[in-house]
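Task: produce atomic coordinates for the following.
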Amino acid sequence: MPRLFPTASQIPAVRLGIFSLVWAVLVYMLPISWTPPLLALTLFWLGLSAAILGWKRYTVLAYLASTLGIGIYFAATWQWKAPLQVNAYVHPFPAYVQGHIVELLQSRPPVLRCVVDGAIDAQNLPPIQARILLHVTGTTGYESWLFPGQTIRATVRIRPPQQAWLPTDFPEWDYCAHLNVQWVAFAQVHNIASWTTETGFLEHIQRWVALQRQRLRELITKLYSPETRGLATALLLGDRSELTAEQRWEFAVTGTSHVLAISGLHVGVLAAMVLVLVGFLQWRWLQWLVFSVTVSLFVVLTGAQPSALRAGIMASLGWALYLAQRQAHPTNVVAAVAVLLLLIAPELVFSRSFQLSVLATLGIVSFYTPFSEWLKQYVRWLPSGLVQGIALTLAATCTSAPVAALSFGTFSLLSVPLNLLAVPLSSIALVAGILGLLIYPVSPMVGSLYSSTAQTCLQWLMLSTHHAAQLPITALEGTAAAVVAFASSASFLWLLTARRWLHGVTRLAVVGTAALLLSIGIAPRREAVLIPRERLVVALLPTSANSTLVVLVDRLPRRKPRPDPALERYLHSLPGRVQIAFTGYTGEVIAVRCARARSADVTVIPAPSSLLAYIQRLFRQEIPLAQSVVFRRAA
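Next up is the predicted model:
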């Protein structure tokens, strides 16, 4: 039986990460309010204890004390920096915010999104220091005063980050947690004052990066058509704000969304380009220095995303180990980089991109070679290049697909064949796009030629994902997605140890039967639920095995209606027949839009008083029924 997993002595960083995270979760669950003095005292005591135990040769106890110290540091940082978890919808309240802009996340008129570190003054409460995700509306794109390092004072409406109540909701709490943001604020551009203060070296670097990203964004606007501009911006700058909701959905269900995030694929392509360019240098350490600086610049200019940071540090560390002629297991290198990043920024543990990036890389370094050998043994007629592409996709999918299915509720069934097309197209587009941006200021004609090549590849990529997403077998959603993802990963890993076809078929049958029984056992029960939204409260009442009654209760029934795209997508995905009852203008608009999308299997009616009274008795909660306008049917 071939060895799939390394021995414990080969992966000390993996052991360190697992023990530290287990301690961190256990400590985080304890009702302890950590303060900086308490944390410093605890870490000093644990460090001293580990040193004494190590001196006395109690190695195991010293190791446990060290990992406990790291875990306590993680837990305390999570407690300080993680946003509040509120199990209800909190309306934004007025406040004043004063601080400096730390990071510019999006600058697409008429919306600008940035992270502000400063003080929040809610008038009725004492000021607090926090990091705020600030949404500024009414921008024109010429606000040169909204850059990192600037000090601002704004009148805002602020609230804590919201959790995702529906599968179609944006995971705002997770997004804010990995940004180290505790509050979400909204402001008009005319309610913001800005001025320049004495800034340090870090602020100058941040401002320079923001200016360069803005210039690159303007070049992309000039070189690419409106159809491919959003995809080019995501591929070259890591900014996916210009992608439409339909494009995001198509890449998600086809399992190719990783090409839109700056990750190991992009850093690997750039690394290959740099290696070709620095090949003429005789000193290898000088090659490494040029390589590291170039990769670091690329990671910073593309937004320093967690997946890019992991890939950049790993590429530089791997080459350094090679030059130093030090043998290190690839799995240990990946784990060491992940632990290092968590020590620098423990809040990265909440980042889905960081989790999936680390898991996919662990899968590649652990299972790429076994998958490649297995395919060469049993599918000998496949070309070598195709075998490598399939093995790479399977290795990354086996470790990352279960977490992705649990997080997003989607598992792509066609990710392997589609990635065989998407990865080469995105790689060619990335190389041609980078060359186009670099050469265009010197030679516009040559730069435009490279950019047109990248645009052609992006068009083919968009066309393939669009048509594949329309197929009924493209992806599974809901509970079945997580079950099938876990079963698929277990099946592929178990197949690697099969010595005969009969063994493989038997193992597939065992895993398939177990997955079927598990999906039946954990199938969600249909029960009445209450879902709070910004403008209304939604009551879901299953009336039969194939029918659902949805009641939309407006918080302010006569206010100007506002659509809720996430709720509409969720109602559109409900199985069977759907009856929608509404009590106000916003509910009526959502009900009509859903009826048009679902056509025949939707009934829209005004909510009668008896139904609202029944909901009030059923849930025994304060919901805004008294303010609702009850529409009566025409005779």
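
hang on, residue 150 packs against residue 196?
Yes. Assessed by Cβ atoms under 8 Å, residue 150 is found in contact with residue 196 at 6.3 Å. No exception for glycine: its C-beta is placed from N, CA and C like everyone else's.

So between these two, which is more surrounded?
Ranked by neighbour count (other Cβ atoms under 10 Å), residue 150 and residue 196 place residue 150 first, with 21 against 12.

which residues touch that one?
Counting by Cβ atoms under 8 Å, 6 or more residues apart in numbering, residue 150 touches 100, 101, 194, 195, 196.

what residues are up against the closest residue in space to residue 588 that isn't next to it in sequence?
Excluding the flanking residues, the one nearest residue 588 by Cβ to Cβ, 6 or more residues apart in numbering is residue 582, at 4.8 Å. Going by Cβ under 8 Å, 6+ apart, residue 582 touches 551, 552, 554, 588, 590, 591, 604, 605, 606, 607, 631.

On the strand side of things, show who residue 582 bridges to.
Taking DSSP bridges, one obtains residue 552, residue 606 as the residues bridged to residue 582.

ok, now how distant is residue 154 from residue 98?
To residue 98, residue 154 is 8 Å away according to Cβ to Cβ, to the nearest Å.

More neighbours: those two, which one.
Counted by other Cβ under 10 Å, residue 154 and residue 98 do not tie: residue 154 has more neighbours, with 23 against 15.

The more buried one reaches residue 186, doesn't it?
No. At 9.8 Å, residue 154 and residue 186 do not qualify as touching, with contact defined as Cβ under 8 Å.

how about residue 408, what does it touch?
residue 252.

Going forward, count from 22.
From this message on, residue numbering opens at 22, which makes the last subject residue 429.

Starting from residue 603, give me the distance back to it.
Residue 429 is 29 Å from residue 603, by Cβ to Cβ.

Quick one: list the elements packing against the helix or strand where residue 338 lies.
Per DSSP states H and E, residue 338 falls inside helix 327-344. With contacts taken as 3 or more Cβ pairs under 8 Å, 6 or more residues apart in numbering; DSSP states H and E, helix 327-344 sits against helix 285-298, helix 305-322, helix 351-365, helix 373-399.

Would you reformat the ones you listed as TSV and include mean pLDDT?
Output for the helices and strands packed on helix 327-344, formatted as TSV (pLDDT from 0 to 100):
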stretch	mean pLDDT
helix 285-298	73
helix 305-322	79
helix 351-365	85
helix 373-399	83
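
of all those helices, which lies closest to residue 148?
In terms of Cβ to Cβ, the element of the helices and strands packed on helix 327-344 nearest to residue 148 is helix 351-365, at 28.6 Å.

Quick one, which of the contacts of residue 171 are buried?
Buried members of these, counted by 16 or more other Cβ atoms under 10 Å: 121, 122, 215.

which residues does the second one bridge with?
Right, the one you point to is residue 122. residue 137.

Check the last one too.
Beta bridges link residue 215 to residue 173, judged by DSSP bridges.

Ok, residue 155 next?
With DSSP bridges as the rule, residue 155 is bridged to residue 135, residue 206.

List the contacts of it.
Residue 155 sits next to 118, 134, 135, 136, 137, 175, 177, 206, 207, 208 when contact means Cβ under 8 Å, 6+ apart.

Report pLDDT for the nearest residue to the second one once chain neighbours are set aside.
It stands for residue 134. Nearest in space to residue 134, with sequence neighbours left out and distances taken as Cβ to Cβ, 6+ apart, is residue 127 at 4.1 Å. Note on residue 127: pLDDT of 77.

Any idea how far stretch 199-214 is from the middle of the chain?
21 Å (Cα atoms, centre = their mean, to the nearest Å).

do the same with stretch 412-426
15 Å.

now what about it, what contacts it?
Contacts of stretch 412-426 (Cβ under 8 Å, 6+ apart): 276, 376-377, 380-385, 387-389, 392-393, 396, 431-432, 436-437, 440-441, 444, 502-503, 505-507, 509-510, 513-514.

Next: stretch 326-339.
By Cβ under 8 Å, 6+ apart, the surrounding residues in contact with stretch 326-339 are 199, 259, 282-285, 287-289, 292, 309, 312-313, 316-317, 319-320, 323, 351, 354-355, 357-359, 361-362, 369, 372, 374-375, 377-379, 382.

just to revisit the earlier point, from the contacts of residue 155, list the buried ones, please.
Buried members of the contacts of residue 155, scored by 16+ other Cβ under 10 Å, are 118, 135, 136, 137, 175, 177, 206, 208.

Please tell me how far the fourth one sits from residue 497.
Which is residue 137. 40 Å.

Just the buried positions in stretch 109-120, please.
Buried-residue list, stretch 109-120, by 16+ other Cβ under 10 Å: 110, 116, 117, 118, 120.

can you redo the residues you listed as CSV with secondary structure, pLDDT and distance to residue 408?
What follows is the buried residues of stretch 109-120, written out as CSV (DSSP: H, G, I helix; E, B strand; the rest coil; pLDDT from 0 to 100; distance: Cβ to Cβ, whole Å):
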residue, secondary structure, pLDDT, distance to residue 408
110, coil, 78, 51
116, strand, 92, 59
117, strand, 92, 61
118, strand, 93, 56
120, strand, 90, 54
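
could you dump these to a markdown table with distance to residue 633?
Output for those, formatted as a markdown table (distance: Cβ to Cβ, whole Å):
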| residue | distance to residue 633 |
| --- | --- |
| 110 | 19 |
| 116 | 34 |
| 117 | 39 |
| 118 | 39 |
| 120 | 44 |
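
For the residue lying closest to residue 291 once chain neighbours are set aside, grab the count of nearby residues.
Distance criterion Cβ to Cβ, 6+ apart; nearest residue to residue 291, sequence neighbours excluded, is residue 319 at 5.4 Å. Residues contacting residue 319 under the criterion other Cβ under 10 Å number 19.

Quick check, residue 319 in contact with residue 288.
Yes. Here residue 319 lies in contact with residue 288, judged by Cβ under 8 Å, at a distance of 7.3 Å.

And this protein, what are its domain boundaries?
Annotated domains of the chain cover 29-102, 114-220, 236-329+367-498, 500-542, 550-640 [automatic domain parsing].

Among these, show the one with the smallest mean pLDDT.
Looking at the domains of the chain, the bottom one is domain 500-542 with a mean of 67.

can you map out the helices along the stretch 522-656 of the chain?
522-542, 586-594, 606-619, 630-640 (DSSP state H, counting those that start in this stretch).

residues of the strand or helix carrying residue 420 that come out buried?
Per DSSP H and E: residue 420 is located in helix 405-429. Using 16+ other Cβ under 10 Å as the test for burial, helix 405-429 gives 408-426, 429.

How far off centre is it?
17 Å.

Next, the distance between the ends of stretch 367-378.
From its first residue to its last, stretch 367-378 covers 16 Å (Cα to Cα, to the nearest Å).

Contacts for that stretch, please.
Residues contacting stretch 367-378 (Cβ under 8 Å, 6+ apart): 42, 94-95, 98-99, 102-103, 192, 195, 198-201, 279, 282, 284-285, 326-328, 331-332, 362-363, 421, 424-425, 428.

ok so residue 493 is a strand residue?
No. Assessed by DSSP: H, G, I helix; E, B strand; the rest coil, residue 493 does not belong to a strand; its assignment is coil.

List the contacts of it.
No contacts exist for residue 493 under Cβ under 8 Å, 6+ apart.

Give me the phi and psi for it.
Main-chain torsions, residue 493, degrees, to the nearest 10: phi -70, psi -20.

can you check the one 4 residues further on too?
When quoted as degrees, to the nearest 10, the phi and psi of residue 497 stand at phi -110, psi 150.

for residue 161, same thing?
Dihedral angles (degrees, to the nearest 10) for residue 161: phi -110, psi -10.

Verify the stated contact: residue 555 with residue 585.
Yes. Counting by Cβ under 8 Å, residue 555 touches residue 585, with 7.4 Å between them.

Good, we can wrap up now.
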